[in-house]
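K.L.:
Just to be clear, the model below is a prediction. Sequence and coordinates:
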Amino acid sequence: MKLLQFLTAGLLAATALDASAQSSVPDTPAARMARETAPQLFAYTQDVLFGDVWKRKELAPRDRSLVTLSTLVANGQAAQMTSHINLGLDNGLKPSEIVGLITHLAFYTGWPNAMSSVGVAREVFTRRGISADALKPVTEQLLAVEPEAEARRAATVKQNVAPTAPALARYTDDVLFADLWRRQDLAPRDRSIVTMTALIARGQVEQIPFHLNRAMDNGLTQVQAAEVVTHLAFYAGWPRAMSALPVLQTVFAERK
């Protein structure tokens, strides 16, 4: 009798553990299809991606959602966004921050990617009963700028952009940095994570040093920056992550 009770308890525990592991994967049509059609892919999704990577302490779940959503927007993968917008909300992202992320990435990954993402976000917000008021930033007041850093940035634009494309220089100064980067729908650190993620996801390595330095000035640590790249390996691919590593190594060394 005791043996039977022990075996029954063990079976129930194993069943609960298996159910818990499976429940960590968002229950989406894509996940269900992978379970039935590509079992090894589902096993990696369950055991490695959601069973390990998403649980690593080097980056908070909220930050991982920022990175994942930024990658999906950057690469035009709107079909995967529904589950990750839901997960982001569950991980503590505010609806206004998700809207801010999409708006920010219109400038860094193109208007079509951002516009394609708006419809997906709207559907999720509607289903969850999120009101239009929750999509607005708390304040329209712009953040102050750090005069010396802004002067250096403006000088670079004046020297390298204005002589060839004066209108691009004007939009860069007057819209991108004088307005978008100063809006409070995203905290500066979040905005930097979003930008850095999008650049890596799209393979735009030459733009990473400026924005990685800016991210670290805004509070991102070396450990967190490295973890962003590690997380991105799964969502943007190993080649993108590996191509970003030398940039991280150089920036880290220069900041010592």
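P.N.:
All right, it came through fine.
K.L.:
How about the contacts made by the residue nearest the centre of the chain?
P.N.:
For the chain, the residue sitting closest to the mean C-alpha position, by CA atoms, centre = their mean, is residue 67 at 1.7 Å. By CB atoms under 8 Å, 6 or more residues apart in numbering, the residues touching residue 67 are 59, 193, 197, 228, 231, 232, 235. C-beta: built from backbone N, CA, C; applies to glycine.
K.L.:
and if you look at residue 34?
P.N.:
Residues near residue 34 by CB under 8 Å, 6+ apart: 41, 42, 45.
K.L.:
how near is the residue nearest to the centre of the chain to residue 46?
P.N.:
Distance, residue 67 to residue 46, by CB to CB, to the nearest Å: 20 Å.
K.L.:
closest to residue 73 among the contacts of residue 34?
P.N.:
residue 45 (20.8 Å; CB to CB).
K.L.:
Which pLDDT value belongs to that closest one?
P.N.:
On pLDDT, residue 45 comes in at 95.
K.L.:
Can you check what pLDDT the model gives residue 180?
P.N.:
Looking at residue 180, its pLDDT reads 97.
K.L.:
what's around it, how many residues?
P.N.:
Neighbourhood size, residue 180 [other CB atoms under 10 Å]: 18.
K.L.:
pretty sure it is touching residue 104, no?
P.N.:
Yes: the pair residue 180 / residue 104 is scored as a contact, 6.5 Å apart, by CB atoms under 8 Å.
K.L.:
can you give me the helices in this protein?
P.N.:
Here the chain has its helices, by DSSP state H, at 2-23, 29-37, 39-44, 61-74, 81-90, 95-109, 111-127, 147-160, 166-171, 188-201, 208-217, 222-235, 238-254.
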